[in-house]
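Novice: just need the structure, nothing else, for what follows:
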Amino acid sequence: MPGTELRLFALDASRAYGERIAAHLGVALAPHEEREFEDGEHKARPLASVRDADVFVVQSLYADAAQSVNDKLCRLLFFLGALRDASAARVTAVLPYLCYARKDRRTKPRDPLTTRYVAALFEAVGVDRVVTLDVHNLAAFQNAFRCVTEHLEARPLLVAHYAPLLRDDDVVVLSPDAGGIKRADAFRQALAQALRRPLPLGFMEKQRSGGVVSGEALFADVRGRSVLIVDDLIGTGTTVLRAARAARAQGARSVRVAAAHGLFLGAAGEVLADDALDRVAVTDTVPPFRLDPALAARKLDVVDAAGLFAEAIRRIHAGGSLVELQAEGAG
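Specialist: Numbers count the residues shown, from 1 in each chain. Got it, this is the predicted structure:
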């Protein structure tokens, strides 16, 4: 919004990430107050004027030891509403990790469409735009929201990370399930362009019923090759581990993983420590606080995405092109 002042806020739970974005932008975070009350209620308000300003608020919506996903979502919504009531010219929610994005369709009778309900909450408090990174299902995300949405992709960042490491390898890009083939194929094309040679694509069979995952077939020739498994996020890690073990069983020389978000839930530490996996790379949208630091140092690479969010904010504020931003990253 050229001609208006840019204001960048980050709620306390995401302050460290907001500070990194602010550093990339060369601005300071705008001040705000968050108060807790004895009955569990809370309030947040800006401490600087936002009248007629172009306002961006950073909050990554994952659970941690201090706040649940719902705590973070509720606090963010109330703060966004307060900004709208304080006469902000435009309000943009910057969500490095978007909660409930995986519940985008009905898999059982009378299932909720939680992605759509979350979108309605943001719209109800007057948000003009939502910016996030690598949602589970892009079409469902875009259809859920009626306000403007900006979907950033981690692929250019992860390709830039892995291309130098795989420059001399015979590489196969692998989707850990059939549903992720399009995502893995887009990554394969970008990596092939970076390496300046064609790369094959494969996928792993997977069925899920009642929380139980089955399927053992691997559709790829991996013998003697370096395998790169591509997914949108790592939860417990069992999906990528199944694919890694199947690739090893068929003679893969090495197995690496690229994923936008690393939640590392439950026994994910044991999964990451498994010898079938050589290395895992994720972005910094969710810090790896659930992992043992020694294990993370040995097996995990965390790629900075704060700069991508900063550039997106800069272009949104100035009326620039985010399509060109993604194209530049891919190139």
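
Novice: which stretches of the stretch 151-300 of the chain have low pLDDT?
Specialist: The stretch 151-300 of the chain contains residues with pLDDT under 70 at 206-215.

Novice: for the nearest residue to residue 290 once chain neighbours are set aside, give me its contacts.
Specialist: Sequence neighbours aside, residue 264 is the residue nearest to residue 290 in space, at 4.6 Å (criterion: C-beta to C-beta, 6 or more residues apart in numbering). C-beta here means a position set from N, CA and C on the backbone, and glycine is covered the same way. Counting by C-beta atoms under 8 Å, 6 or more residues apart in numbering, residue 264 makes contact with 234-235, 237, 272, 288, 290-291.

Novice: switch to 6 Å and redo it
Specialist: 288, 290-291 (C-beta atoms under 6 Å, 6 or more residues apart in numbering).

Novice: ditto for residue 102
Specialist: The contact partners of residue 102, by C-beta under 6 Å, 6+ apart, come to residue 136.

Novice: from residue 235, how far out is it?
Specialist: 9 Å (C-beta to C-beta, to the nearest Å).

Novice: neighbours of residue 104, how many?
Specialist: Residue neighbour count, defined by other C-beta atoms under 10 Å, stands at 19 for residue 104.

Novice: give me phi/psi at the residue nearest to residue 290?
Specialist: Phi and psi for residue 264, reported as degrees, to the nearest 10, are phi 50, psi 60.

Novice: distance check, it against residue 297.
Specialist: Residue 264 is 14 Å from residue 297, by C-beta to C-beta.

Novice: repeat for residue 288
Specialist: Counting by C-beta to C-beta, the gap from residue 288 to residue 297 is 10 Å.

Novice: quick one: buried residues of the lengthiest helix in the chain?
Specialist: What stands out as the longest helix in the chain, according to DSSP state H, is helix 69-85. Within helix 69-85, the residues scored as buried using 16 or more other C-beta atoms under 10 Å are 71-73, 75-77, 79-84.

Novice: could I get the helix or strand following that helix in PDB with only the CA atoms?
Specialist: Going down the chain from helix 69-85, the next helix or strand is strand 90-95, by DSSP states H and E. C-alpha atoms of strand 90-95 as PDB (Å, rounded to 0.1, in the frame of the first residue of the first chain):
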ATOM      1  CA  ARG A  90      -5.100  -2.600   6.000                       C
ATOM      2  CA  VAL A  91      -4.500  -5.600   8.200                       C
ATOM      3  CA  THR A  92      -2.400  -8.600   7.000                       C
ATOM      4  CA  ALA A  93      -1.900 -11.800   9.100                       C
ATOM      5  CA  VAL A  94       1.500 -13.300   8.400                       C
ATOM      6  CA  LEU A  95       1.300 -17.000   9.400                       C
END
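
Novice: contacts for the next helix or strand after strand 90-95?
Specialist: Helices and strands here follow DSSP H and E; after strand 90-95, the next one along the chain is helix 114-124. With contact meaning C-beta under 6 Å, 6+ apart, helix 114-124 is reached by 77, 100-101, 103-104, 140, 144-147.

Novice: tell me the angle of helix 114-124 relative to strand 90-95?
Specialist: Angle of helix 114-124 versus strand 90-95, following axes from the mean of the first three to the mean of the last three C-alpha atoms, to 10 degrees, is 150 degrees.

Novice: following the chain past helix 114-124, name the next helix or strand.
Specialist: The helix or strand immediately downstream of helix 114-124 is strand 129-133, counting by DSSP H and E.

Novice: partner strands of that following strand, parallel or antiparallel?
Specialist: Take DSSP bridges as the rule and strand 129-133 pairs in its sheet with strand 90-95 (parallel), strand 148-152 (parallel).

Novice: how far does that strand sit from its chain's centre?
Specialist: In this view, strand 129-133 has its centroid 10 Å away from the chain centroid, taken as C-alpha atoms, centre = their mean, to the nearest Å.

Novice: can I get it in CSV, CA atoms only?
Specialist: Included here for strand 129-133 are C-alpha records, laid out as CSV according to Å, rounded to 0.1, in the frame of the first residue of the first chain:
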residue,chain,number,x,y,z
ARG,A,129,-4.9,-10.6,3.6
VAL,A,130,-3.4,-13.8,4.9
VAL,A,131,0.2,-14.8,4.0
THR,A,132,1.5,-18.3,4.8
LEU,A,133,4.0,-20.9,3.6
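
Novice: would you list the contacts of residue 264 in CSV and tack on secondary structure?
Specialist: Below are these laid out as CSV (DSSP: H, G, I helix; E, B strand; the rest coil):
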residue, secondary structure
288, coil
290, coil
291, coil
